[in-house]
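*Asks:* Model the structure of this input:
(one chain, ligands or ions: 1)
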Amino acid sequence: MNEWLTPSLKKHWRGLLLAAVLSLFALLCAAGLLFTSGYLISKAALRPENILMIYVPIVAVRTFGTFRAVFNYAGRLASHNTILKILSEMRAHLYEKLEPSALYIRSKYKTGKILSALSDDIEHLQDLFLRTILPCCCGLIIYAAWIAVLGFFDLRFACVMVLYLMLLVVAFPLVSLIRMRHHYQRIARSRHELYEQLTDAVLGAADWMMSGRQNQFLRHYEQLENETRQEERAVSSFRKRRDFIAQVLIGICVIGLVVWSGNMSHTGALQPTLIAAFALVIFSVAEAFVPLSEAVERVPQYERALARLKEIEAPAQHESHRSCTSQALPKGPSTIDVSHVSFRYTPNSDWAVHDVSLHLKPGAKLALIGRSGAGKSTLAHLIYGNLKPDAGEVTLNGLSTQLLGSNRSRQFSVLSQNPHLFDTSVLNNLTLGSPEATFDEAVAAAKEVGLHQLIEQLPNGYHTQMHEAGAIFSGGEQERVALARTLLRDTPVVILDEPTVGLDPITERALLQKIFDTLEGKTLIWVTHHLIGAEQMDHILFMEHGRAMMQGTHEQLLQNSSRYSKLYALDVPVRLRKSIIE
Ligand SMILES: Nc1ncnc2c1ncn2[C@@H]1O[C@H](COP(=O)(O)OP(=O)(O)OP(=O)(O)O)[C@@H](O)[C@H]1O
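*Replies:* Presented below is the predicted three-dimensional model:
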């Protein structure tokens, strides 16, 4: 178990236990129903000395029949209610992990991989309880109960049944686990490839069309789809064969029980009326054993889903495995020190960041400026603690950012370009990443970023679904939604990963102003290509080829560097400069 499952299981153990108990009762009622039905049929076939002799089994049949349905329904309700709560918490947890890592993820993972994590991996974990733990627990309890009942009548026959039913309870699940492992591996691999291909194709549809190579893409996509389908067919045919053999084994078991109970009644150890009861009850008992194989064969899927979520959440080779506890680093003003930090992606590549040093006081505003490939994002990753410096150290309040672990999302948030608006209510979109935020807090954040009026005009205000409202949010307004999310998360450090890219200069200016105003007091690290807004920053670090080419305040650089003055003149048109001064 890990941090994905343990907190949910701890929090919802009562709901899960209730679901398990109700499902078990449903199975016991099903067994009781068939047992009493068998008894009733046999009893009714005999000459009734007293009608009351069959009245009790009639009532029992009715009771078991009714309660079986009731327990089934209640069990499903309890399990789905709990599982859906767990699922939504796991999704919020995934978002919490991903959102501050947006910088790193954008450079390392394709959208398809994230999509596949959101859809497949989280849902596999949802199945862990419904399709594996619950059927396994019920199956094993019914197995023990059935053997105990048989042992009560005939110990030797019970021992034979222990071994025979082990075929269904142990051997079949093990064979399924071994056989299915490699099929599932291949299915998972090709499905992830499909996701990646598809998202690439959707995001780059225009480029595919322009290059005239759409047929080539379609052929490759169909080939991948066929491979996946073939694997799925292999899985389904294995399942069919396995289930057929299981039914044959159950049939043999019924015959065995009829012979045994016939012999027992012959010797007088069992009433003849119980022969049919024993023969029938095995059908419902076997109902609990058959799903065991399917339950166990899913184990590799859970392992893989957990491994992939772990991989996305904590990028393997760069992430330190040690982390400090949440008590060790309370949320609050943060001083960041970057001391002679160097980093390269591979031992033979050029330095992406070389010997950079910085000191940021709480609430300082740093602009990382430079051309594409200058090393700005790499330095932001190093500050964030995603990448481990090859030399030097980055500390936050004296503690290496490498060691922040689960504290990282409490300290940092990232406002990136093109934030995604999810297909849920506007309110949920605002509170994503801070689910504990109240409605009033969300409204206050929306007011602060200047969205309140716009949201109020929507058909259902804050409860309007995003697919209805999505079209009316412009690029700048979507960025404001992301800004409101950041405000609600209230972390002391915010990394701005070119949030205004693609906006026209006037909107860009207005949005930047809004960002700087609303995030006043927080430490800002702003990754940018150009100098609009640079005059509002406390410190500017101009990077080139991984090195800090120049740094200082805007005024210092304007005075001391003719290059900076020229770039500023180019980037910030006179018209805008005038408006800044005014
Ligand atoms: N994941 C990676 N693996 C290998 N090299 C990388 C990786 N990411 C970046 N680099 C290289 O490191 C150098 C610095 O890249 P970085 O992304 O930090 O620059 P940047 O200034 O942020 O560029 P941009 O503004 O285009 O994002 C570049 O030469 C780039 O090719």
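
*Asks:* Next, find the distance separating the closest residue to the ligand within the stretch 401-550 of the chain from R563.
*Replies:* For the stretch 401-550 of the chain, the residue closest to the ligand is H529, as judged by CB to the nearest ligand atom, at 6.0 Å. In short, each C-beta sits where N, CA and C put it, glycine included. H529 sits at a distance of 16 Å from R563 (criterion: CB to CB, to the nearest Å).

*Asks:* Please apply the same query to L17.
*Replies:* Per CB to CB, L17 is found 68 Å from R563.

*Asks:* Quick check: the residue of the stretch 401-550 of the chain closest to the ligand touching S372?
*Replies:* Yes - look at H529 against S372 with CB atoms under 8 Å: they come within range, at 7.1 Å.

*Asks:* Looking at these two, which one has more neighbours?
*Replies:* For H529 and S372, the more surrounded residue by other CB atoms under 10 Å is H529, and the numbers stand at 14 against 7.

*Asks:* Which pLDDT value belongs to the more buried one?
*Replies:* At H529, the predicted lDDT confidence score is 82.

*Asks:* just how off-centre is whichever strand or helix holds L306 within its chain?
*Replies:* Secondary structure here is read from DSSP states H and E; on that basis L306 sits in helix 299-313. Relative to the mean C-alpha coordinate of its chain, helix 299-313 is positioned 10 Å out (CA atoms, centre = their mean, to the nearest Å).

*Asks:* after it comes which helix or strand?
*Replies:* Helices and strands here follow DSSP H and E; after helix 299-313, the next one along the chain is strand 336-343.

*Asks:* If you count contacts, what does that following strand end up packed against?
*Replies:* With contacts defined as 3 or more CB pairs under 8 Å, 6 or more residues apart in numbering; DSSP states H and E, strand 336-343 has these neighbours: strand 353-360, helix 376-384, strand 391-396.

*Asks:* The ligand: which of the ones you listed is closest?
*Replies:* In terms of CB to the nearest ligand atom, the element of those nearest to the ligand is helix 376-384, at 3.2 Å.

*Asks:* Now that closest one - C-alpha only, PDB.
*Replies:* Taking only C-alpha atoms (Å, rounded to 0.1, in the frame of the first residue of the first chain), the coordinates of helix 376-384 have been written out as PDB:
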ATOM      1  CA  LYS A 376      15.200  29.400 -17.300                       C
ATOM      2  CA  SER A 377      12.900  26.400 -16.900                       C
ATOM      3  CA  THR A 378      15.700  24.200 -15.700                       C
ATOM      4  CA  LEU A 379      16.600  26.700 -13.000                       C
ATOM      5  CA  ALA A 380      12.900  26.900 -12.000                       C
ATOM      6  CA  HIS A 381      12.900  23.100 -11.700                       C
ATOM      7  CA  LEU A 382      16.000  23.200  -9.600                       C
ATOM      8  CA  ILE A 383      14.400  25.800  -7.300                       C
ATOM      9  CA  TYR A 384      11.200  23.800  -7.100                       C
END
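
*Asks:* I would like the residues contacting it, please.
*Replies:* When contacts are taken as CB atoms under 8 Å, 6 or more residues apart in numbering, the neighbours of helix 376-384 outside the stretch itself are 100-101, 103-104, 107, 336, 338, 341, 343, 352-353, 356, 368-370, 387, 389, 394, 401, 408, 412, 414, 495, 497, 525, 527-528, 541, 543, 546.

*Asks:* and it, does that touch the ligand?
*Replies:* Yes - interface with the ligand: helix 376-384 contributes K376, S377, T378 (CB under 6 Å from any ligand atom).

*Asks:* now, among those, which is nearest to Y184?
*Replies:* The shortest separation between Y184 and any of the residues of helix 376-384 next to the ligand is 35.8 Å, and it belongs to S377 (by CB to CB).

*Asks:* Kindly indicate which of the residues of helix 376-384 next to the ligand lies nearest V248.
*Replies:* Using CB to CB, the shortest approach to V248 within those belongs to S377, at 61.4 Å.

*Asks:* Tell me how many other residues crowd that closest one.
*Replies:* The number of residues packed near S377 is 22, by other CB under 10 Å.

*Asks:* Relative to M166, how far out is it?
*Replies:* Taking CB to CB as the measure, S377 falls 57 Å from M166.

*Asks:* try S8
*Replies:* Distance of S8 to M166, given as CB to CB: 32 Å.

*Asks:* okay, those two: which has more neighbours?
*Replies:* Using other CB under 10 Å as the criterion, S8 and M166 rank with S8 on top: 23 against 12.

*Asks:* just how off-centre is the strand or helix carrying the more buried one within its chain?
*Replies:* Under the criterion of DSSP H and E, S8 resides in helix 6-11. Here the centre of mass of C-alpha atoms in helix 6-11, compared against the chain's by CA atoms, centre = their mean, lies 15 Å away.

*Asks:* got the CA coordinates for that helix in CSV?
*Replies:* Only the C-alpha atoms of helix 6-11 are listed here, as CSV (Å, rounded to 0.1, in the frame of the first residue of the first chain):
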residue,chain,number,x,y,z
THR,A,6,-3.7,4.0,2.7
PRO,A,7,-5.3,7.4,3.5
SER,A,8,-8.5,6.5,1.6
LEU,A,9,-8.7,3.1,3.3
LYS,A,10,-8.1,4.6,6.7
LYS,A,11,-10.7,7.3,6.1
